[in-house]
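K.L.:
show me the folded form of this:
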Amino acid sequence: MEKKYELDTSDVKEFYGRKLFRVISLTSFLTVSVGDKGGYIESEKNLNHDGNAWVYGNAWVYGNARVSGNARVSGNAWVYGNARVSGNAWVYGNAEVSGNARVSGDARVSGDAEVSGDAEVSGDAEVMWVTKIGSSKSTLTVFRTKDGYNLVRGCFLGTMEQFKDAVSKKTDSDKSKKEYELLIPVIEYRFNKYLTKE
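P.N.:
Here you go, the predicted structure:
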């Protein structure tokens with residue numbers, strides 16, 4: 001198999017004992033030309049040589065993570081752990097994909113999103129992120145499932161009904177309660193509208 005890129009051993013990022021090397025293209029494909037510098041990977045097992053998969057900009061891929069097919073990782077995104085990004089998927093912005101997560105098909109993961117654990121984002125995935133929400137100002141992620149949609153925020157993972165129940169138990173003095181109460185109809189409108197298209 002012909003190599004698509006090489007590791008630039010003169011451009012290294014060190015991170016918790018790991019060394020990540022910038023990739024340099026050896027071939028031209030899509031928007032990438034011979035000699036173009038990409039993002040950073042720990043080893044060649046992180047980025048397939050076949051297909052049009054590429055790591056751009058300041059993106060990092062390390063650990064046992066793998067980018068393959070025509071997938072792209074760009075911006076300041078991080079893909080690590082045992083994560084897989086494949087197909088025509090695109091992970092960008094400040095997004096993080098980790099653990100055993102899978103992002104595939106035509107899925108897009110962007111912004112300050114975090115996809116972790118055993119999560120799967122695939123196909124023409126419908127995902128919504130609301131950042132800097134709640135008392136800890138973290139990210140609320142809503143994603144479509146086979147049976148509807150789920151919400152994730154902090155240690156919470158559940159259905160809309162479970163989320164509503166959790167919000168109702170917050171005290172009226174908790175400012176995040178009002179934020180969530182205002183957001184719930186927006187989420188329901190967006191996802192119920194999407195689900196009725198099928």
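K.L.:
now the helices: where do they sit in the protein?
P.N.:
160-168, 175-195 (DSSP state H).
K.L.:
listing request: residues of the chain with sub-threshold pLDDT.
P.N.:
Applying pLDDT under 70 to the chain picks out residues 1, 119, 123-126, 145-147, 193-198.
K.L.:
domain ranges for it, per the record?
P.N.:
5-121, 127-195 (automatic domain parsing).
K.L.:
ok, back up a step: export the helices of the chain to a markdown table and append columns for mean neighbour count and distance to Asn64.
P.N.:
For every residue, glycine as well, the C-beta is placed using N, CA and C. Formatted as a markdown table, the helices of the chain follow (neighbours: other Cβ atoms under 10 Å; distance: least, Cβ to Cβ, whole Å):
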| stretch | mean neighbour count | distance to Asn64 |
| --- | --- | --- |
| helix 160-168 | 14 | 32 |
| helix 175-195 | 14 | 33 |
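K.L.:
would you tell me which of those gets closest to Asn46?
P.N.:
Of all the helices of the chain, it is helix 175-195 that lies closest to Asn46, at 33.2 Å by Cβ to Cβ.
K.L.:
just checking, what packs against the closest one?
P.N.:
With contacts taken as 3 or more Cβ pairs under 8 Å, 6 or more residues apart in numbering; DSSP states H and E, helix 175-195 sits against strand 127-133, strand 138-145, strand 148-153, helix 160-168.
K.L.:
what about those, which gets the closest to Gly111?
P.N.:
Nearest of the helices and strands packed on helix 175-195 (Cβ to Cβ): strand 127-133, 5.2 Å.
K.L.:
count of residues packed around Gly35?
P.N.:
By other Cβ atoms under 10 Å, the residues close to Gly35 number 9.
K.L.:
can you pull the phi and psi angles for it?
P.N.:
phi 90, psi -10 (degrees, to the nearest 10).
K.L.:
which non-adjacent residue is nearest Tyr149?
P.N.:
Closest residue in space to Tyr149, ignoring its immediate chain neighbours: Phe191 at 4.7 Å, by Cβ to Cβ, 6 or more residues apart in numbering.
K.L.:
check contacts around the one you found.
P.N.:
Phe191 is in contact with 126, 128, 142, 144, 148-149, counting by Cβ atoms under 8 Å, 6 or more residues apart in numbering.
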